[in-house]
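1. Next comes the sequence, and after it the predicted model I'd like to discuss.
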Amino acid sequence: MRQVSNVYFDDSVYKEQICLHDIHLLSERTHDLLLCAYPETEDFDDCLLEVDGPVTAERDGRHVRLTIGRIPEPSLARLRLSSPTGGFQEEYRLHLYPAFDYADRIGTYVNPQNKDQRIVLEKDGTVRIQTADLIDSLPEFSLPGKGMDSHSLELVLPDGKHVDGEGTEFTLTPYVRFVPERKALFVALLLEAYRDGFCDKAYLCGEGDEDGIIGYDSFEWREDE
């Protein structure tokens, strides 16, 4: 194996749950993580794994499979990778969380920074989003959700559509993912408005640029809702 300068895990499936040397995973399942290197190499034959905590690890080529048992509360484990011929030794923090799914998190979530913004997760998968956008007098969006992606912890949602009385077409793109350690959501809402060949866009909550999301608002679960 040739010398490499950087070893990392692919984040195309787990998305923001993998961040440099921090990996966030739900328990009671096996996670298949894809190992990458720079410069690229397909040869990880002498890559050694060490892991502590309630985790077992095995490697199959570029795939590192982590099996996590049942845990009662969030915990931290560590994964170490090393290769004599590759010339690397890396350590990753594994943030482990008790298992949950969409059904465990139904209810109402409110943005503390703008309490008129709220998201309601219903038992049948419907997700209702109140943007509190008074400028455009947007109605509540009711979207047919498909539950939670168990890898990225994102809600699987379509865009919301609305046409106002003046013919302006609005598209709401929601980016919503579960906070694993408590009942809360990370949310960014992108609104695009189209009329007469012109397009305007803005984030109603969260932050983003032409490359994507750069910040989320935290919506907190309300027991009294």
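-> Here it is on my side, so go on.
2. Return the distance of the residue nearest to residue 88 when sequence neighbours are not counted relative to residue 67.
-> With C-beta to C-beta, 6 or more residues apart in numbering as the criterion, residue 88 has its nearest non-adjacent residue at 5.2 Å, and that residue is residue 7. C-betas here are computed from N, CA, C, even on glycine. According to C-beta to C-beta, to the nearest Å, residue 7 and residue 67 sit 21 Å apart.
3. cool, and residue 94?
-> Here residue 94 is placed at a distance of 12 Å from residue 67 (C-beta to C-beta).
4. More neighbours: those two, which one.
-> Between residue 94 and residue 67, counted using other C-beta atoms under 10 Å, the more crowded position is residue 94 (22 against 14).
5. Secondary structure class of the more buried one, three-state.
-> Judged by DSSP: H, G, I helix; E, B strand; the rest coil, the three-state class of residue 94 is strand.
6. wait, what's in contact with the residue in the chain sticking out farthest from the centre?
-> No residue in the chain sits farther from the centre than residue 166, which is 36.1 Å out by C-alpha atoms, centre = their mean. The contact partners of residue 166, taken as C-beta atoms under 8 Å, 6 or more residues apart in numbering, are residue 195.
7. Residue 126 is in contact with residue 145, correct?
-> Yes - taking contacts as C-beta atoms under 8 Å, residue 145 lies within contact range of residue 126: 6.4 Å.
8. between these two, who's got more neighbours?
-> Shown here are residue 145 and residue 126; by other C-beta under 10 Å, residue 145 has more neighbours (20 against 12).
9. so what's that one closest to, chain neighbours aside?
-> residue 127 (4.3 Å).
10. which residues of the chain score low on pLDDT?
-> Along the chain, segments meeting pLDDT under 70 span 1-5, 41-43, 224-225.
11. May I ask you to name the longest strand in it?
-> In the chain, assigned by DSSP state E, the strand with the most residues is strand 184-195.
12. Skip the chain neighbours and tell me the closest residue to residue 129.
-> Spatial nearest neighbour of residue 129, chain neighbours left out: residue 141 (4.5 Å); criterion: C-beta to C-beta, 6+ apart.
13. do you know how far the one you found is from residue 162?
-> Per C-beta to C-beta, residue 141 is found 7 Å from residue 162.
14. now residue 144
-> Applying C-beta to C-beta to residue 144 and residue 162 gives a distance of 15 Å.
15. again, but for residue 194
-> 11 Å.
16. and for these two, which residues touch both?
-> Residues touching both residue 194 and residue 162 (C-beta under 8 Å, 6+ apart): 169-170.
17. which residues are contacting stretch 84-98?
-> 1-4, 7, 9, 21-27, 37, 41, 44, 46-47, 51, 53-55, 66, 68, 70-83, 180-181.
18. Show only the entries of the residues you listed found in strands.
-> Counting by DSSP E, these contribute 7, 9, 22-26, 37, 51, 55, 66, 68, 75-83 to strands.
19. Are any of those residues buried, and if so which?
-> Buried residues within the ones in strands among the contacts of stretch 84-98, counting neighbours by 16 or more other C-beta atoms under 10 Å: 7, 9, 23-26, 37, 51, 55, 66, 68, 75, 77, 79, 81-83.
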